[in-house]
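Engineer: With the sequence up front, the predicted model follows.
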Amino acid sequence: MMQEPLPAWLSGLSKAIHSTLLAPAQEGLVESSLQLFSEFNHVLVNEYLPGQGIFAHEDGPFYHPMVATLSLGSHTIINYRPKHSALETDPSLKGFSLFIEPRSLVVMSEKVYRDFTHEIEPKTADRVSCLTECENFSQCAIKDFPSEIQRGARISLTFRHVKNSHKLPRILGFVKPMGNK
Ligand SMILES: O=C(O)CCC(=O)C(=O)O
Ligand SMILES: [Fe+2]
């Protein structure tokens with residue numbers, strides 16, 4: 001993949017997220033794979049309207065196993081499920097769901113990145129029981145819910161590092177085509 005600079009509106013955000021994650025990594029508080037790359041070089045922007053989701057998938061070996069997703073707009077729920085191959089080596093692995101609050105940042109790294117798939121079910125609303133079952137529910141800022149909360153439009157920005165990318169060569173000049181005018 002050829003690497004181009006991120007647009008200005010994304011570059012500041014990307015640097016801010018990278019340095020926010022780097023500090024706890026340098027202190028050994030979280031896995032340190034972030035130290036292996038100095039900047040995110042890939043950002044994917046997804047828009048989900050109510051009723052839209054993303055099927056269970058893994059992001060794969062093309063990217064460094066440390067991705068950060070910023071959520072704007074609506075809440076959502078992401079389900080993480082152990083891959084069959086991972087269950088063969090560790091049958092104790094259990095799936096879990098995260099309640100993704102508006103303006104939250106989710107970091108997926110190492111074991112979850114490699115051994116789990118992630119998916120968003122294509123729903124228009126979430127019953128409160130689905131939210132309370134989420135692994136991170138007790139840490140969430142939103143506490144007061146109606147029995148069901150509607151999903152609105154959600155935009156996610158996923159910051160990644162493509163492992164083998166090359167900077168575009170600088171253009172030194174243009175060659176004039178030869179031949180008759
Ligand atoms: O929108 C999200 O939160 C997840 C997006 C995702 O999994 C992907 O683009 O690979
Ligand atoms: Fe993904």
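Structural biologist: On my side now, so go ahead. Keep in mind that what you see is a predicted model, and the values were worked out from it rather than measured. Residues are numbered from 1 along each chain as shown. Ligands and ions are numbered 1, 2, ... in the order given.
Engineer: for this protein, longest helix please?
Structural biologist: Looking across the chain with DSSP state H, the single longest helix is helix 8-26.
Engineer: Quick check: mean pLDDT of the very next helix or strand once past that helix?
Structural biologist: For helix 8-26, the following helix or strand on the C-terminal side (DSSP states H and E) is strand 42-48. Mean per-residue pLDDT for strand 42-48: 97.
Engineer: try stretch 90-98
Structural biologist: So the average pLDDT for stretch 90-98 ends up being 98.
Engineer: So for it, what gets flagged as buried?
Structural biologist: Leu93, Phe96, Ser97, Leu98 (16 or more other C-beta atoms under 10 Å). All C-beta atoms are positioned from the backbone trio N, CA, C, and that covers glycine.
Engineer: returning to that earlier point: need the CA coordinates for the longest helix of the chain. PDB is fine.
Structural biologist: Written as PDB, here are the backbone C-alpha positions of helix 8-26 (Å, rounded to 0.1, in the frame of the first residue of the first chain):
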ATOM      1  CA  ALA A   8      -5.500  17.800   8.200                       C
ATOM      2  CA  TRP A   9      -8.800  17.300  10.000                       C
ATOM      3  CA  LEU A  10      -7.800  13.700  10.800                       C
ATOM      4  CA  SER A  11      -4.200  14.100  11.400                       C
ATOM      5  CA  GLY A  12      -4.500  16.100  14.700                       C
ATOM      6  CA  LEU A  13      -7.200  13.600  16.000                       C
ATOM      7  CA  SER A  14      -5.000  10.700  15.000                       C
ATOM      8  CA  LYS A  15      -1.900  12.100  16.800                       C
ATOM      9  CA  ALA A  16      -4.000  12.900  19.900                       C
ATOM     10  CA  ILE A  17      -5.400   9.300  20.100                       C
ATOM     11  CA  HIS A  18      -2.000   7.800  19.500                       C
ATOM     12  CA  SER A  19      -0.400   9.800  22.300                       C
ATOM     13  CA  THR A  20      -3.400   9.200  24.700                       C
ATOM     14  CA  LEU A  21      -2.800   5.400  24.200                       C
ATOM     15  CA  LEU A  22       1.000   5.600  24.300                       C
ATOM     16  CA  ALA A  23       1.300   7.000  27.800                       C
ATOM     17  CA  PRO A  24      -0.300   4.000  29.600                       C
ATOM     18  CA  ALA A  25       1.600   1.700  27.200                       C
ATOM     19  CA  GLN A  26       4.900   3.200  28.200                       C
END
